[in-house]
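**Q** what follows is a predicted protein model with its sequence.
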Amino acid sequence: MTLFYCPTIEAAAVLSEEESLHAVKVLRLQTGDEIAVVDGKGGYYHARITLAHPKRCAFEIVTAHSGYGKRNYRIHVAIAPTKNMDRLEWFVEKATEIGIDEITPLICRFSERKVVKDERLEKIIVSASKQSVKAYFPKLNSQCTFEEFMKAHRAQQKFIAHCYDDQKRDLKAEIKPETDVLILIGPEGDFSREELEMAIANHFVPVSLGSSRLRTETAGMVACHTVSLINA
């Protein structure tokens, strides 16, 4: 059954123009055909098309499920945007498929990219969530500086992954199942010493993601996947 996204389903059971066009023109769905719909907030619905219009495809809800796929922990990754946006987009797509709850573009001292446009990333989140049948969509926060983030963060467990030779703990050995996790991933030039010290002062635990030196987007995905595996 084809999956569609309708964030306004509580107010109106009508697909957006983009989703309507895909349903009616691309998939050639007709009145009476059954579809699955998610609202991005945990709602999963079996529905039936009542109006197969390419700009306004309406449907009626047959059955509704709230809290579909809800987990008892949250993953938040604050990651420095990569110079090549394709690599950040790859991380957002794969992390969404694996399962992530919150993403924050983190502007650090050594960041090669200082501006992130949310619109493209939001579309990737929607597409990846639908592909992996997620009823909860990750929240994409606005970009912020490292210093700003230090004033606004919160989680039960907080980690910062870095490449300095300092003593670090193994992330997979530190994660406690069923607890909210926040992980900081730095730019290709790593966090500055000052940023690392600031994070530690704010009770972030320095961690290693393994013996290999990873690219930013790979490190973000490894961190996300590690948390998911510990909670599997």
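**A** Perfect, thanks for sending it.

**Q** residues contacting the residue nearest in space to the middle of the chain?
**A** Geometric centre of the chain, nearest residue: Pro138, 3.9 Å, by Cα atoms, centre = their mean. Pro138 makes contacts with 95-96, 100-103, 125, 129, as judged by Cβ atoms under 8 Å, 6 or more residues apart in numbering. C-beta: built from backbone N, CA, C; applies to glycine.

**Q** possible to save those residues as a markdown table with distance to Phe59?
**A** Formatted as a markdown table, the contacts of Pro138 follow (distance: Cβ to Cβ, whole Å):
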| residue | distance to Phe59 |
| --- | --- |
| Ala95 | 30 |
| Thr96 | 25 |
| Ile100 | 29 |
| Asp101 | 28 |
| Glu102 | 30 |
| Ile103 | 30 |
| Ile125 | 23 |
| Ser129 | 19 |
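
**Q** just curious, which of these is nearest to Val227?
**A** Ile100 (8.7 Å; Cβ to Cβ).

**Q** give me the distance between that closest one and Pro138.
**A** To Pro138, Ile100 is 5 Å away according to Cβ to Cβ, to the nearest Å.

**Q** swap in Gly69?
**A** Going from Gly69 to Pro138 by Cβ to Cβ gives 13 Å.

**Q** mind pulling up the pLDDT for the closest residue in space to Thr31 that isn't next to it in sequence?
**A** Ranked by Cβ to Cβ, 6 or more residues apart in numbering and with sequence neighbours excluded, the top spatial neighbour of Thr31 is Ala52, at 4.9 Å. Listed pLDDT for Ala52 reads 97.

**Q** got it, and the one 5 residues further on?
**A** Looking at Cys57, its pLDDT reads 97.
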